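*Asks:* Sequence plus predicted model, see below.
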Amino acid sequence: MSEGYMGKILMVDLSTGTINEEIIPDKIYENYLSGTGLAAYILYNMIPAGADPLGPENVLGFVSGLLTGTGSLFAGRWMAAGKSPLTGGWGDANCGGNFSPAIKRCGYDGIFFKGISEKPVYLYVKNGRAELREAFHLWGKDAVEAEDILIRETGAKSRVALIGPAGEKLSLISGIVNDRGRMAARSGLGAVMGSKKLKAVVLNGAKRIPVHDRDEIRKLSKKCSKWVRFQLPLPPGSMMAYVGALMRFLPTQMAMDGMLYKFFLRKWGTGSMNQMSIEMGDSPIKNWLGSNVDFDSKKSISTNPDVFADYELVKYHCYSCPLGCGGICSAKGKYAETHRPEYETVLALGGLCMNDDVDSIFYLNELLNRAGMDTISAGATVAFAIECYERGILTKEDTDGLELTWGNSHAIVELIRKMIKREGIGDLLADGSKVAAQKIGKGADRYVVHAGGQELPMHDGRNDPGFALHYSVEPTPGRHTIGAQLYYEMFQLWKVVKGLPRIWPLYFKSGKYVADEKKVVMGAACSKFMNVVNGAGLCLFGTFIGSKRTPTFGWLNAATGWEKTPEEYMEIGERIQTLKQAFNIKHGINPGDYKLSNRAFGDPPLEEGANEGRTVNIEKMMSDYWKQFGWDARTGKPASESMTKLGINQVHGGR
Amino acid sequence: MSYTITGMCNGCGACVRICPVDAIQGEKEEIHVIEEGLCIECGVCGRICPVDAIQDQSGALCVRIKRSEWEKPQFNNKKCMSCEICIDSCPVDCLGLSEVSDQKDPHGYPYMENEKACIGCGYCALECPVDAITMIVPEPEFSGK
């Protein structure tokens, strides 16, 4: 009997309207967990090589985590997965809120969609019955309006994941939204949902989720919650910029203990880093051309965490989260409320575009969340367009009269409104910066900052080379939620996984920039661990608190009744990573092409600011990382032996 | 496993009306049936059945309890983490999240939003990872002569 997981998935064929349950054998969960691991197993087999990501052969999955609903904390993440129309390879995206347990409460670990519907539909599942319903009345509505309508139609207990107009219009930078504006934003999976004419997935279930040892889980969760709720007093938010500046000046660095970041998150959320990050060189500025010198603390003061705290009405907790890093905020203008803009949103729409108008950031946050468009990619695409305008590649004629200069918040707002509507210049930019550059020509591709077509997040690899590495080697390129030197320090995996290098509490910064073997050992460990985390459905921020304080492996054993060691779980992570890489190879991706843009790894290096003179030895790091997985060091392709060792070849012969 | 209905059933339909997952079917005045795959073992059919015709998953006969004597959750906000597990676990959606009343504590807390809907299943207390919920029979608001 399954414990921890439901042992079933729902398979919906939108072309024929048929809906079937499929039993998943226990050995699949033991080899791939649930979440993205389960999705990788299903999609690797189901999607034929060369399938059009926006065609009927692509399969879109909504998966819950193995620990979701078991009493484990931080287990409220659900994941979307499919072939990405943005990168052409493996795509996944991850989101919190209350949708993840709803998948399991309906009796499934995942719900998968293939085919294309003739007309707009939504899936409705209640008490073991699933049906496709017409969605004409929802098509064109924004994600918040449509969610409100669906809840009125189906009951307050319904949990909804849906697309906004951006996904309907097949924007390649669109995501899937739930809980009034939270978004599984990356990889462009909103467009996959839109291509299938699937407006929403509405779940209303009350199934019991089987747990092997609830007392043990309770014991582990109580201990973990004590760490989370322990809070030290913090200085005013406006001081955070000075902390960042101090970190920039010091030649030494303290290994980051995630408890410190936890203090920030609990008080201010991810926005705690808005100013600090710029000052220490973590956040890119001016489409990665600028630095803290160009966007100094006088400009960024409008986004200091205390300003955001003034807008906050109540903390927002995702399902099973004791931390509550989110916030519901009041907002000026058309929308009265918005989820507190996250760090990535603030910096992508702020410093990256040289925009210091905080009201515009609040407005765009809500506008993009409702449209279902990724705030990171939208901000990065605008920054690219501004650079093109400033260089004369785009003219006022091209921009429909917009004065697209650095920091012109009115023009930025108008441009994003056009992108959502696919109107004029907005149509050109609605598929992200790489596609736009190809259409513009005139050498515009030199100013796109991306990895594999995915716009880069707001963490600079020139400050922490680990980010540059993971942006370039992950099967989902340009992803900031998997690894970095900073993350390795916070995960503290060496305390529970044998053989991993420890980080000393204080070290010289200069060592961070040497591309030695230790860096890729740490990088590979982060990738493997995050595959376990995404299989479990845990939140990255929960795991930042440290692997002894947030007992990922202990919870997994208690929920399932398995007796696996941390090393065995890390091998599962390796298997999932290798399978996702194999997915990319199957679909014709050359892993070397995912290398991030030259500008972002310091070629040429910056001439001033926090990251002055730094270049990341990215090609060596990529090659060394591939070797860690037993993949070909030159091409990044998983060797047959490594596939066999992990049992991947056998599994895929059998399905 | 699932609850089952015995031959004592008089087909009154009380269980059908209260079952939170529509797992019970049957014609009026005929013996009803619980669909095993849908039953969530909340036990409310056993508590409401006027003729004690319901057996739990272990085969034990359930005894009717007056609705005013069904247990209800009581919340300890000092232990509560605002994680909303209890709200999600409730099969009848009777719990809500409070608004912030104290600026020093900006978190919302669960409370009984719709007491009439509560079926006393205790799943909120069972799933709470930090034992912040206890199930108790509420004192009557007024106990006259």
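*Replies:* Structure's in. What do you need? Values in this document were obtained by computation on a predicted structure and should not be read as measured data.

*Asks:* Let me see the domain layout of chain B.
*Replies:* Taking automatic domain parsing as the domain assignment, the ranges for chain B are B:1-65, B:68-136.

*Asks:* residues near A:K498, how many?
*Replies:* Neighbour count of A:K498, defined by other C-beta atoms under 10 Å in any protein chain shown: 9. All C-beta atoms are positioned from the backbone trio N, CA, C, and that covers glycine.

*Asks:* how close does B:G120 get to chain A?
*Replies:* In this structure, B:G120 and chain A are 15 Å apart, going by C-beta to the nearest C-beta, to the nearest Å.

*Asks:* Can I get the domains of chain B in CSV including distance to A:G647, mean neighbour count and mean pLDDT?
*Replies:* Output for these, formatted as CSV (distance: least, C-beta to C-beta, whole Å; neighbours: other C-beta atoms under 10 Å in any protein chain shown; pLDDT from 0 to 100):
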stretch, distance to A:G647, mean neighbour count, mean pLDDT
domain B:1-65, 32, 16, 96
domain B:68-136, 34, 18, 95
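
*Asks:* okay if I get those as JSON lines plus distance to A:E153?
*Replies:* Written out in JSON lines, the entries for the domains of chain B read as follows (distance: least, C-beta to C-beta, whole Å):
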{"stretch": "domain B:1-65", "distance to A:E153": "17"}
{"stretch": "domain B:68-136", "distance to A:E153": "15"}
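
*Asks:* for chain B, what spans make up the helices?
*Replies:* Assigned helices in chain B, in chain order: B:14-18, B:44-48, B:85-89, B:123-127 (criterion: DSSP state H).

*Asks:* wait, which of those helices is closest to chain A?
*Replies:* Each of the helices of chain B has some distance to chain A by C-beta to the nearest C-beta; the shortest is helix B:85-89, at 5.0 Å.

*Asks:* on contacts alone, who are the packing partners of the closest one?
*Replies:* Applying 3 or more C-beta pairs under 8 Å, 6 or more residues apart in numbering or on different chains; DSSP states H and E, one finds that helix B:85-89 contacts helix A:99-105, strand B:95-97, helix B:123-127.

*Asks:* among these, which is nearest A:D257?
*Replies:* With C-beta to C-beta as the criterion, A:D257 lies closest to helix A:99-105 of these, at 28.0 Å.

*Asks:* what sits up against the following helix or strand past that closest one?
*Replies:* Toward the C-terminus, helix A:99-105 is succeeded by strand A:110-114 as the next helix or strand (DSSP states H and E). Strand A:110-114 is contacted from outside by A:9-15, A:34, A:38-39, A:42, A:46, A:56-64, A:103, A:123, A:125, A:193, A:196, A:198, A:201, using C-beta atoms under 8 Å, 6 or more residues apart in numbering or on different chains.

*Asks:* angle of the helix or strand following strand A:110-114 against strand A:110-114?
*Replies:* Next helix or strand after strand A:110-114 toward the C-terminus (DSSP H and E): strand A:121-126. Per axes from the mean of the first three to the mean of the last three C-alpha atoms, to 10 degrees, the angle that strand A:121-126 makes with strand A:110-114 is 150 degrees.

*Asks:* Quick check: PyMOL command selecting the buried ones in the contacts of strand A:110-114.
*Replies:* Paste this into PyMOL to select the buried members of the contacts of strand A:110-114, with burial taken from 16 or more other C-beta atoms under 10 Å in any protein chain shown:
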select buried, chain A and resi 9+10+11+12+13+14+34+38+39+42+46+56+57+58+59+60+61+62+63+64+103+123+125+193+196+198+201
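
*Asks:* Just the ones of the contacts of strand A:110-114 in helices?
*Replies:* Among the contacts of strand A:110-114, the ones falling in helices (DSSP H) are A:38-39, A:42, A:46, A:103, A:193.

*Asks:* Just give me the closest of those to chain B.
*Replies:* When these are compared for distance to chain B, the smallest value, 11.7 Å, is given by A:I103; criterion: C-beta to the nearest C-beta.

*Asks:* correct me, but that closest one touches A:L66?
*Replies:* No. Assessed by C-beta atoms under 8 Å, A:I103 is found out of contact with A:L66, at 11.9 Å.

*Asks:* Would you list the phi and psi of B:S58?
*Replies:* In this entry, B:S58 is assigned phi and psi values of phi -90, psi 0 (degrees, to the nearest 10).

*Asks:* contacting residues for residue 37?
*Replies:* If you meant another chain, say so; for now it's chain A. With C-beta under 8 Å, 6+ apart as the criterion, the residues that contact A:G37 are A:31, A:531, A:534-535, A:572, A:575-576.

*Asks:* not quite, I wanted chain B
*Replies:* With contact taken as C-beta under 8 Å, 6+ apart, B:G37 is in contact with A:128, B:2.

*Asks:* For it, grab phi and psi.
*Replies:* For B:G37, the backbone dihedrals (degrees, to the nearest 10) come out as phi -70, psi -20.

*Asks:* Could you verify my assumption that A:P605 touches A:V616?
*Replies:* No. Under the criterion of C-beta under 8 Å, A:P605 is not in contact with A:V616, lying 9.7 Å apart.

*Asks:* Kindly report the residues of chain B close to chain A.
*Replies:* Where proximity means C-beta under 8 Å from any C-beta of the partner chain, the interface of chain B facing chain A comprises B:20-23, B:37-38, B:40-41, B:81-85, B:88, B:91, B:93, B:99-100, B:106-108, B:123, B:126-127, B:129-131.

*Asks:* and stretch A:196-211, how far out from the chain's middle?
*Replies:* Stretch A:196-211 sits 21 Å away from the centroid of its parent chain (C-alpha atoms, centre = their mean, to the nearest Å).

*Asks:* With stretch A:204-215 instead?
*Replies:* For stretch A:204-215, the gap between its own C-alpha mean and the chain's C-alpha mean amounts to 27 Å (C-alpha atoms, centre = their mean).

*Asks:* end to end, how far does that stretch reach?
*Replies:* Its start and end residues considered, stretch A:204-215 measures 27 Å (C-alpha to C-alpha, to the nearest Å).

*Asks:* what comes into contact with it?
*Replies:* Surrounding stretch A:204-215, the residues in contact under the criterion C-beta under 8 Å, 6+ apart are A:1-4, A:6, A:68-71, A:101-102, A:104-107, A:124-127, A:154-155, A:157-159, A:217, A:558-561, B:20-21, B:40-41, B:91, B:123, B:126.

*Asks:* Most neighbours out of the contacts of A:G37, which is it?
*Replies:* Highest neighbour count within these: A:I576, with 30 neighbours (other C-beta under 10 Å).

*Asks:* Dihedrals phi and psi, the closest residue to it other than its chain neighbours?
*Replies:* Nearest residue to A:I576, sequence neighbours excluded (C-beta to C-beta, 6 or more residues apart in numbering or on different chains): A:N531, at 4.0 Å. Torsion angles at A:N531 (phi, psi; degrees, to the nearest 10) stand at phi -70, psi -40.

*Asks:* Equivalent analysis for the one 3 residues further on, please.
*Replies:* The phi/psi pair for A:N534 (degrees, to the nearest 10) reads phi -80, psi -20.

*Asks:* Now do it against chain B, distance only.
*Replies:* Applying C-beta to the nearest C-beta, one obtains 20 Å for the distance of A:N534 from chain B.

*Asks:* does that residue really touch A:Y32, like I thought?
*Replies:* No. In this structure A:N534 lies outside contact range of A:Y32 using C-beta under 8 Å: 10.9 Å.

*Asks:* hmm, who's touching stretch A:302-309?
*Replies:* A:236-238, A:240-241, A:264, A:267-269, A:271-272, A:274-275, A:327, A:329, A:340-341, A:346, A:350, A:356-358, A:361.
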